[in-house]
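Enquirer: Task: produce atomic coordinates for the following.
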Amino acid sequence: MDVSERKTQHILNNSTCSTSSMAYNDSSCHCDSERRQNSILYSILKNDSQSAQLGNQPRTPRLAVSMHACACGSKRKVSLRSPQTTCKSTSAVLVKTLKFVMNVPCFRELPVDDQHTLVRSSWAPLLVLGMAQDRIDFETSEAPEPSMLQRILTSGQDKQENQINVNAGVALTDVQGIKMFLRKCWGLDISTKEYAYLKGAILFNPDVVGLQCQHHIQALQSEANQALNEYVKMIHRGDSARFAKLFLTLSILRSINANVVAGLFFKPVIGAVNMEELLLEMFYGK
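Expert: Purely as a prediction, here's the structure:
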């Protein structure tokens, strides 16, 4: 277990979420949404303050794709140069991310349907955020287009046509967005605690359709943002713009498409699998 994993596990072990009487039904949620100073996010803020000041060592990321968007970027397709290696690394990050989510007491108190909904909507940005934290870099190359002969020969053959689609890659502009986000995070040298707050802000998204406890989830997201702001003011007193920079970075993260993440990091190795079913299997062992 590396230093980052130990720090994250320490945060989870010392996090507490005050329990409240909850009554759920099909149309409303009666969760207690008042501010709680001893909740998980404020516990993260108060505990382990010394180790948080250490942060991560800055590194210079290797950017395999130019960050300057071109007019043909939406048409050009790219794929991973080392899909097996990158898929293995991103899969490990996904497992760590799901474990992090499951160890958040406030998340476990939510109705199961809300848990499923939040995981389905946030797994991709949480994964990319975890890649930034673990400094997972990747290289791409232009994906070869299937020839006309291949299209003719595989016409009507679902399995082979599906294999072509899997190897077709994703749009260059989408990859540039992921690269831009990773570069922003590495440039800010985000600490373990800041990553934890950012994960909370992404996970507890009240704008997801179909939530039973929307108001409670909105309160949790507001709490994550407030705790991040207080932490930044306490640790980075000389950088008054840091919170705004982190918040701007989140806006880039929210624009990353889940289908792009699946198509780039998983489908080249495991095929056109249903990511939602895979997540539920990993999350609940079903």
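Enquirer: Please work out the average pLDDT along stretch 83-95.
Expert: Averaged across stretch 83-95, the pLDDT comes to 92.
Enquirer: meant to ask about stretch 215-224
Expert: On average, stretch 215-224 scores 95.
Enquirer: in it, what counts as buried?
Expert: By 16 or more other Cβ atoms under 10 Å, the buried positions in stretch 215-224 come out as His216, Ile217, Gln218, Ala219, Leu220, Gln221, Ser222, Glu223, Ala224. Backbone N, C-alpha and C define where each C-beta goes, glycine included.
Enquirer: element containing the first one?
Expert: Of the helices and strands defined by DSSP states H and E, His216 is found in helix 214-235.
Enquirer: could you point out which element follows the helix or strand of the chain with the lowest mean pLDDT?
Expert: Least confident helix or strand of the chain, by mean pLDDT, DSSP states H and E, is helix 49-52 with a mean of 39. The element immediately downstream of helix 49-52 (helix or strand, assigned by DSSP H and E) is strand 77-80.
Enquirer: low pLDDT regions in the chain?
Expert: Confidence mapping of the chain against pLDDT under 70 gives the ranges 1-75, 144-168, 284-286.
Enquirer: can you pull out the strands in it?
Expert: Under the criterion DSSP state E, strands of the chain are mapped to 77-80, 140-142, 170-171.
Enquirer: and the ones you listed as TSV, adding distance to Asp113?
Expert: Listed next are the strands of the chain as TSV, based on distance: least, Cβ to Cβ, whole Å:
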stretch	distance to Asp113
strand 77-80	34
strand 140-142	37
strand 170-171	31
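Enquirer: Contact partners for Leu198?
Expert: For Leu198, the set of contacting residues under the criterion of Cβ atoms under 8 Å, 6 or more residues apart in numbering consists of Leu129, Ile190, Ala224, Leu228, Leu246, Thr249, Leu250.
Enquirer: tell me which of those is nearest to Phe204?
Expert: The shortest separation between Phe204 and any of those is 6.4 Å, and it belongs to Ala224 (by Cβ to Cβ).
Enquirer: dump the residue contacts of the closest one.
Expert: Remark: with contacts taken as Cβ under 8 Å, 6+ apart, Ala224 is in contact with Leu41, Tyr197, Leu198, Gly200, Ala201, Phe204.
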